[in-house]
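In: Provide a 3D model corresponding to the input given below.
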Amino acid sequence: MPITYAIGDIHGSLDKLKSLIAACEEDAAGREMILVFLGDYIDRGPESAGVVRFMLSLQEGLRDRIVTLLGNHEAWALAILDGTMPVGPWLVNGGAATLESYGVGDVEDLPRAHLDWMRSLRLIYDDGRRFFVHAGVDPLRPLSAQHESALLWIREPFLDDERDYGRLVVHGHTPLRTGRPDLRSNRLNLDTAAVFGGPLTAAVFNDAQTQPLGYLQAK
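Out: All right, here's what the predicted structure looks like:
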């Protein structure tokens, strides 16, 4: 039975990412392991470039045992590149740190391979029990008819909605300053504010139950 590790927002926290992946590998103890990343690899933290390089290496090694979701910060950078959003708000919301980590002054100067990787990221992953997504879902729409904007950006009314979606929605995006995951009856928030001094968190799942078996954290 494979073990799935869902990992919250990284935001350039390379050391915590490396430590958490090592913890996942140790916990798996040779069993088949699937890694699901909930997006927001870049911005705010000091090592966005290093995180993307690490993710590319990890993806090459794990192949079909890794799922990489798009976060609003990757989507934001790509929208600037495509000319559909202004650069100013992105810069003050962590984009400047990303450019500094690459040693460049403009999104267009980021490595093409890294930008191509960001474009390849998917919006959702549904394993039959859990619906993995970056931000959450629009409670007024079925899971099969969600808009990209909600999947990447939503907070309310999703966070306070208690309806049953037929899946446990596993998400990040809204940082939890307590450093602890927030498990509700219908959703699980795994953004434990790694870039703000909290831990980076992975929830551990298997196919026998919907709820997490437990959590791993890298501080």
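
In: can you pull out the helices in this structure?
Out: Assigned by DSSP state H, the chain shows helices spanning 14-28, 48-62, 72-81, 87-90, 96-102, 112-120, 148-153.

In: which of the ones you listed is buried the deepest?
Out: helix 72-81 (a mean of 22; mean count of other C-beta atoms under 10 Å). C-beta: built from backbone N, CA, C; applies to glycine.

In: mind checking the pLDDT average for that one?
Out: The pLDDT scores in helix 72-81 average 98.

In: between helix 112-120 and it, find me the angle.
Out: For the pair helix 72-81 and helix 112-120, the angle between their directions (axes from the mean of the first three to the mean of the last three C-alpha atoms, to 10 degrees) equals 110 degrees.

In: what sits up against helix 72-81?
Out: Outside of helix 72-81, the residues that reach it under the criterion C-beta atoms under 8 Å, 6 or more residues apart in numbering are 11, 39-43, 85-87, 90, 93-95, 98, 107-108, 110, 115, 118-119, 121, 134-135, 152-153, 173.

In: can you rerun that using 6 Å?
Out: Applying C-beta atoms under 6 Å, 6 or more residues apart in numbering, the contact partners of helix 72-81 are 40, 42-43, 85, 87, 90, 107, 118, 152-153.

In: mind putting these in a markdown table, distance to Leu70 and pLDDT included?
Out: As requested, the contacts of helix 72-81 are arranged in a markdown table below (distance: C-beta to C-beta, whole Å; pLDDT from 0 to 100):
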| residue | distance to Leu70 | pLDDT |
| --- | --- | --- |
| Asp40 | 9 | 98 |
| Ile42 | 11 | 98 |
| Asp43 | 13 | 98 |
| Met85 | 15 | 96 |
| Val87 | 19 | 97 |
| Trp90 | 15 | 97 |
| Val107 | 16 | 97 |
| Met118 | 8 | 98 |
| Leu152 | 7 | 98 |
| Trp153 | 11 | 98 |
